[in-house]
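Chemist: give the three-dimensional model of this entry:
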Amino acid sequence: MKNTYFVTRHAGAIAWALSQGFAHAEMTPHFDPEMVEREDIVLGTLPVHLIAEVNLRGGVYHHLILDLPAEARGKELTAEDMVAYGARLQRFDVATECHADSDVMVGEWYDGLGEYALAEIPAERSRIQSRTTEQGCVLKLVEPGVPTRDLYVERLGDAWRINLTIDDEDDIHTQIRINDTGELTIV
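Modeler: Here you go, the predicted structure:
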């Protein structure tokens, strides 16, 4: 069973959450991301690094948003004030950035372990180097004796696009587009 945590120390926010059907949520004034398990739900106004930690742990984060005028900032709000200021929850997913020029060993899947055995693959074997760009992430597939391949993964408005180059060419060899509806197009 997944848990729901509402992170706040404000009485008005607690009253608002209860009026919105979150009586089952654990109200907590202090948040420790270590308590989050897969599929747990966290509600509140957390800083971005803690939201990223929630997402890394498999949790779902919903941010409490208010259209607060300047004169209302820094004041304790009632549940009624929050409704008047358009209080709502919106889901946010925060991903940590790929580190430039990082290497990942490419391994083999071992059913007995239920994971890739990356540590057992020697350094001269296949590697994945990653770097970020303004458009997304570039993955360079490096394997001795095999032409280098770059995969460019980009987010478009309604889809993901994967561009493949071969032999350090600038031209795209193959392009794959996956719409948010799951439709796949190969160019």
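Chemist: show me what counts as buried in the longest strand along the chain.
Modeler: Ranked by residue count, the top strand of the chain under DSSP state E comes out as strand 146-155. When neighbours are counted by 16 or more other CB atoms under 10 Å, the buried residues of strand 146-155 are found to be Arg149, Asp150, Leu151, Tyr152, Val153, Glu154. C-beta coordinates here come from the backbone N, C-alpha and C atoms, glycine included.
Chemist: same thing with stretch 42-51?
Modeler: By neighbour count on 16+ other CB under 10 Å, the buried set for stretch 42-51 is Val42, Leu43, Gly44, Leu46, Leu50, Ile51.
Chemist: export those residues to TSV and tack on pLDDT, secondary structure and distance to Leu89?
Modeler: Below are the buried residues of stretch 42-51 laid out as TSV (pLDDT from 0 to 100; DSSP: H, G, I helix; E, B strand; the rest coil; distance: CB to CB, whole Å):
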residue	pLDDT	secondary structure	distance to Leu89
Val42	96	strand	11
Leu43	96	strand	6
Gly44	95	strand	9
Leu46	94	coil	12
Leu50	91	helix	16
Ile51	91	helix	13
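Chemist: wait, a helix at Glu76?
Modeler: No: counting by DSSP: H, G, I helix; E, B strand; the rest coil, Glu76 is not found in a helix; it is coil.
Chemist: how close does Ala52 sit to Leu46?
Modeler: From Ala52 across to Leu46, the span is 10 Å (CB to CB, to the nearest Å).
Chemist: could you chop the protein up by domain?
Modeler: What automatic domain parsing lists as the domains of the chain is 4-92, 102-186.
Chemist: now do the first one: distance from first to last residue.
Modeler: Same thing as domain 4-92. With CA to CA, to the nearest Å applied, domain 4-92 spans 15 Å between its terminal residues.
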